[in-house]
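Colleague: Test case, fold it:
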Amino acid sequence: MIQAFARIRRFSKEEKTHSCILNGKRKMIRSAVVPVAGLGTRLLPATRSQPKEMLPVARKPVVEYVVDELAANGIEQILFVTGRNKTSIEDHFDLGVNESPPPTKFFYTRQGSPRGLGDAVLAGEHFAGDQPFVVALGDSILGLHAQSKAVSRMIEVFEQNAAACVVAVEEVPLSETGQYGIVAPADYEKDAVRVAHLVEKPGPEKAPSRLAIAGRYIFSPRIFDEIRRVEADKRGEIQLTDAIERMCTAGLRVYAVQLTPEERRYDVGNFASYFEAFVEFALADPVHGAELQEMLRKKFEVAVV
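Modeller: Prediction:
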């Protein structure tokens, strides 16, 4: 079988910003980096020997929903950035008995120490090379049963605007802005928001909007240079938000795409959000959902009486 390969060359720093254009043609983004090296301390003791990304949400572990979503949005290869006690993720995506090879190819690398999300993304530099790529947090599911086309919309915005970065955002209550990276809009366009600045976990009185970054990003390779320039915070972590803010300050094109109501984010980062996700997914299960709903209805009726 003969395979034809596009000619590959090294890009200058300026060209890296728009490296989705190759030989005069637009190149769809096919690669994703999935950071899964977090310690999961807010989910102890459940995560003492099991990664939070492998906790089941109804039928499947969290990270499998993330992979399913990425595959449905045209992603063909995924790099997992793992850490200590994360080998079960690699085991999970090994081929089982009578299973055919998945359409998505998996690769793995280690983040040597927990130095923040920015450092985890930097671990994917050789994997991404000179091409733009998706980052999808391994503990966040978009949409019930991962039914989301947000990444496809983000890719369109990235390519149509020759962007350096596109982030997914969702609207959160003003009282919760201190839990997220928040977008300061510069302009509202048809399918996206042009981003002026990002602020990491601002209190309600300082929040420039209620648009919170929602666990999905697209970057040009320029992000790696910016991450290297970010100073670690008081906990010794490199914040990805700070690197994106450097892109904004440099005048590069940064956009935000808002999730639809059906694409709400299930952030499995603490027990409250994990329980909520598990219950909603279980109730919507095509086989056992109706039975579970009936059981709960009877149980609560008895409790009310």
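Colleague: hang on, residue 154 packs against residue 216?
Modeller: Yes - applying CB atoms under 8 Å as the test, residue 154 and residue 216 come out as touching, 6.6 Å apart. Yep, even glycine has a C-beta here, placed from its N, CA and C like the rest.
Colleague: list residues touching both of those two?
Modeller: Common contacts of residue 154 and residue 216, defined by CB atoms under 8 Å, 6 or more residues apart in numbering, comprise 134, 167, 168.
Colleague: Can you tell me which of those residues has the most neighbours?
Modeller: Among the shared contacts of residue 154 and residue 216, the one with the most neighbours (other CB atoms under 10 Å) is residue 167, at 28 neighbours.
Colleague: Next one: that residue from residue 135, what distance?
Modeller: To residue 135, residue 167 is 9 Å away according to CB to CB, to the nearest Å.
Colleague: Restrict stretch 30-43 to CA atoms and write it as PDB.
Modeller: What follows is stretch 30-43, C-alpha atoms only, in PDB (Å, rounded to 0.1, in the frame of the first residue of the first chain):
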ATOM      1  CA  ARG A  30      -6.600  15.700  14.600                       C
ATOM      2  CA  SER A  31      -4.500  15.500  17.800                       C
ATOM      3  CA  ALA A  32      -5.400  16.000  21.400                       C
ATOM      4  CA  VAL A  33      -3.500  16.100  24.700                       C
ATOM      5  CA  VAL A  34      -5.500  14.900  27.700                       C
ATOM      6  CA  PRO A  35      -3.900  15.700  31.100                       C
ATOM      7  CA  VAL A  36      -4.700  13.000  33.700                       C
ATOM      8  CA  ALA A  37      -1.800  13.500  36.200                       C
ATOM      9  CA  GLY A  38      -3.800  15.300  38.900                       C
ATOM     10  CA  LEU A  39      -3.700  13.800  42.400                       C
ATOM     11  CA  GLY A  40      -7.400  13.800  43.000                       C
ATOM     12  CA  THR A  41      -7.100  14.900  46.600                       C
ATOM     13  CA  ARG A  42     -10.600  16.200  46.800                       C
ATOM     14  CA  LEU A  43     -11.900  12.700  46.100                       C
END
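Colleague: please renumber so the chain begins at 29
Modeller: Sure, I'll start counting at 29 from here, so that last one is stretch 58-71.
Colleague: Which positions in that stretch come out as buried?
Modeller: Within stretch 58-71, the residues scored as buried using 16 or more other CB atoms under 10 Å are 59, 60, 61, 62, 63, 64, 65, 66, 68, 71.
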